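Asks: Can you look at this prediction? I've put the sequence above it.
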Amino acid sequence: MNPAAPKVKRRQYAWCGKTKRAYALLLLCVPLGVIADDKILALSPMTVYANPADPEADPPGMGKQWDREALQATEMPNLNGVLRNQTDLTLNQGSAQMATGISLRGASGGQGLVTLDGVPLFANFAGFYSLSHYSLDALDSITVTSGLDGERHSSRTLGGAIHLQTRQLPFKDSFLRIEGGSYDTVRAVAGSGLSTRAGDFSAVVGRSDVMSGVSQAQNGLERDNFGMTHASGNWSKAFAQGRLNASLYFVRSDEDADGPGLVLPRRTVGWVDDKRGRFTDETWVAQLQGQYALAKYWQSALQFGYTQDRQQGLSTLIRPYTLTSQLYLLDWQNTHRVPLSADKQDQAALVWGVNTQLQQAVQRPVSQTVVSPHLRGELVLGAWQWHGDGRFDVSDAYGNHSVFSVGMNRALPKKMRVWMNGGSGYRQPGVSELVHPVFGNPALHGEHSAGGEVGWGWQPTSGTEVKINGYYQTYRQMITLQLNAKTGISQAGNIPEAHVWGAQMQSQQRWTTRWTSGLSYGYMQAINPLNQLFVANRPEHQGVFWNELRILPVLSLRAELNVHSGYWFDAANTLKAKPAPRINIVLKYALLPTTELYVRGENITNQRTPELYDFTFNGAAVYAGLRTGF
């Protein structure tokens with residue numbers, strides 16, 4: 001018998017008391033008057049762009065967008081399940097609740113790789129984000145941009161970024177979702193919308209508990225529990241010449257955590273069961289944005305943003321620590337869009353502004369400010385579109401740097417399109433990458449990149465789409481979390497030079513009104529040319545194959561296969577990760593027009609191959625849930 005079991009049980013009883021109170025409070029958030037309203041649930045409109053003042057500027061590419069309807073159709077609880085369908089985005093995940101390693105086209109990032117309502121978020125440490133913190137029920141949209149987009153967004157990451165938009169529910173629309181299943185998991189989320197003369201208001205609250213989760217350590221036996229509370233609010237008000245929008249997001253998680261220890265017979269440091277291990281992570285994100293039409297061809301937008309991430313950890317071999325990272329954002333953008341034809345299809349645009357970010361670590365004397373004036377030009381003439389960006393960073397900690405990007409795309413006959421783009425990028429390390437007590441490195445340098453992409457797309461019908469691309473990027477001083485195979489210690493570090501090239505294919509086909517399928521494949525080589533070794537945790541091959549079948553008018557099934565090839569865990573290429581195919585399924589039954597029951601199976605083949613060295617991967621799991629709208 002596991003000697004830690006009694007301790008885990010006592011923790012579970014303590015969690016259960018908190019859980020009952022949390023779920024009772026959550027249910028009270030559903031207005032009783034709204035429950036009586038049997039109006040059909042209306043889905044929120046799709047929100048794609050981080051800068052609403054300039055909604056037409058993004059060129060076509062291999063990025064992926066999920067609107068509210070697409071997110072709801074997945075029936076996934078958080079970002080982890082959805083993002084695995086993007087083949088140039090690599091996720092390295094341990095247990096389902098712990099932080100996930102993320103890289104896009106080889107590049108990672110400890111700040112700005114994920115943004116929420118335009119505010120760049122801190123990672124837990126270099127390249128690792130707690131994706132379980134962001135409930136899909138609290139989001140209106142997810143947009144993944146690939147390649148160089150730092151001039152367009154507050155993110156400065158070099159391979160792309162993940163942009164989240166908080167949910168705005170229409171007037172009198174409310175919802176409730178409850179699910180439970182494997183590992184003694186219970187989740188509940190509720191939300192409601194309200195319209196008044198003061199504006200449109202939305203609120204979403206949720207609670208998740210995993211009371212018998214798998215151990216983080218690959219060979220661990222102790223069960224680890226996890227609890228999380230999240231709440232978000234959104235307000236918007238439209239005026240004759242503009243609009244205001246404000247949002248707030250809060251999430252706090254408390255969980256059992258394992259820690260470093262001696263692993264026998266390797267005689268190196270590794271991740272092992274730790275009965276004393278605890279970890280708490282609390283994040284606040286707030287923003288206020290105003291847009292105003294100053295003149296006929298002058299749209300101005302000003303955004304104030306703030307985020308704070310507070311981590312507290314404890315283990316047997318690591319003394320208690322607290323790390324609080326804060327960021328203040330001021331982003332001013334101006335758009336001049338002038339039509340060049342009577343139908344306004346031909347147009348020219350000039351976008352200019354200043355983005356200012358201040359970061360600081362509260363417990364340590366570390367702060368940095370970067371002020372970035374930027375300029376963007378666009379020209380659309382018939383089937384052609386050209387664009388160019390430039391940004392100049394003025395930093396008190398890392399000096400001055402200029403970056404640029406240029407691109408074009410052209411519409412071809414038979415509903416085809418080609419595009420190409422290229423440029424350079426620069427990102428200075430975030431404060432959490434520098435001073436994290438366990439994985440940080442205060443000697444990190446800023447990272448640079450240069451590269452380009454060419455692509456072709458074809459969409460002959462609304463149910464058929466194919467996109468293919470190829471890309472090449474070089475990096476200098478690439479920042480990654482690096483594992484030393486001899487000592488077992490991981491720390492953020494710079495790779496002096498890295499070359500990354502690859503190709504992608506995305507396709508979707510609606511065969512009948514009841515059957516749709518899709519196939520995505522990504523190939524990537526990430527090599528350090530100085531020693532001809534592969535960059536760690538970057539698989540060469542990734543693929544997704546999925547099918548959606550409507551069996552009956554009220555019954556549907558989705559099945560997907562995710563697979564990646566083997567890769568290296570460490571920079572010296574001595575520890576090899578194995579290939580891992582995994583299958584997920586979702587079966588849904590429409591009980592009423594606004595109510596559905598579902599069963600979701602995750603990793604039903606019980607593929608436990610680790611994606612992080614010394615860390616476990618969740619086995620087969622089954623969850624059943626109910627979603628209803630009022």
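Replies: Nice, I can see it.

Asks: burial of Ile527, as a residue count?
Replies: Neighbours of Ile527 under the rule other CB atoms under 10 Å: 17. Heads up, the C-betas are built off the backbone N, CA and C, glycines and all.

Asks: What is the neighbour count of Leu533?
Replies: The burial metric for Leu533, expressed as a neighbour count using other CB under 10 Å, is 16.

Asks: and what of Thr322?
Replies: Going by other CB under 10 Å, the residues that sit close to Thr322 add up to 12.

Asks: secondary structure class for it?
Replies: strand (DSSP: H, G, I helix; E, B strand; the rest coil).

Asks: what about the closest residue to it other than its chain neighbours, distance to Leu83?
Replies: Nearest residue to Thr322 in three dimensions, chain neighbours excluded: Gln312, at 5.0 Å (CB to CB, 6 or more residues apart in numbering). Separation of Gln312 from Leu83 (CB to CB, to the nearest Å) stands at 27 Å.

Asks: hmm, back to that, show me what contacts the residue nearest to Thr322?
Replies: Going by CB atoms under 8 Å, 6 or more residues apart in numbering, Gln312 touches Phe279, Thr280, Asp281, Pro320, Tyr321, Thr322.

Asks: before we move on, what about His230?
Replies: For His230, the contacting residues are His133, Ser135, Ala138, Val204, Val205, Gly206, Arg207, Tyr249, Phe250, Val251, Arg252, by CB under 8 Å, 6+ apart.

Asks: Val354 now?
Replies: Remark: with contacts taken as CB under 8 Å, 6+ apart, Val354 is in contact with Leu330, Asp331, Trp332, Val371, Ser372, Pro373, His374.

Asks: same deal with Ala107?
Replies: Taking CB under 8 Å, 6+ apart as the test, what Ala107 contacts is Thr157, Leu158, Gly159, Gly160, Glu447, Ser449, Gln473, Tyr475, Met478, Val500.

Asks: got JSON lines for these, with pLDDT, secondary structure and neighbour count too?
Replies: Below are these laid out as JSON lines (pLDDT from 0 to 100; DSSP: H, G, I helix; E, B strand; the rest coil; neighbours: other CB atoms under 10 Å):
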{"residue": "Thr157", "pLDDT": "93", "secondary structure": "coil", "neighbour count": "31"}
{"residue": "Leu158", "pLDDT": "94", "secondary structure": "coil", "neighbour count": "32"}
{"residue": "Gly159", "pLDDT": "93", "secondary structure": "coil", "neighbour count": "29"}
{"residue": "Gly160", "pLDDT": "92", "secondary structure": "strand", "neighbour count": "27"}
{"residue": "Glu447", "pLDDT": "97", "secondary structure": "strand", "neighbour count": "25"}
{"residue": "Ser449", "pLDDT": "96", "secondary structure": "strand", "neighbour count": "27"}
{"residue": "Gln473", "pLDDT": "96", "secondary structure": "strand", "neighbour count": "26"}
{"residue": "Tyr475", "pLDDT": "98", "secondary structure": "strand", "neighbour count": "28"}
{"residue": "Met478", "pLDDT": "97", "secondary structure": "strand", "neighbour count": "27"}
{"residue": "Val500", "pLDDT": "98", "secondary structure": "strand", "neighbour count": "24"}
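
Asks: isn't Phe250 right up against Gly206?
Replies: No - the pair formed by Phe250 and Gly206 falls short of the contact definition of CB atoms under 8 Å, at 10.9 Å.

Asks: of the two, who's got more company?
Replies: In this comparison of Phe250 against Gly206, neighbours counted by other CB under 10 Å, the higher total goes to Gly206 at 24 against 15.

Asks: picking up where we left off before, now the common contact residues for Phe250 and Gly206.
Replies: The contact lists of Phe250 and Gly206 share His230, Ala231, where a contact means CB under 8 Å, 6+ apart.

Asks: coming back round to it: in strands, which of the contacts of His230 fall?
Replies: Residues of the contacts of His230 located in strands (DSSP state E): Val204, Val205, Gly206, Arg207, Tyr249, Phe250, Val251, Arg252.
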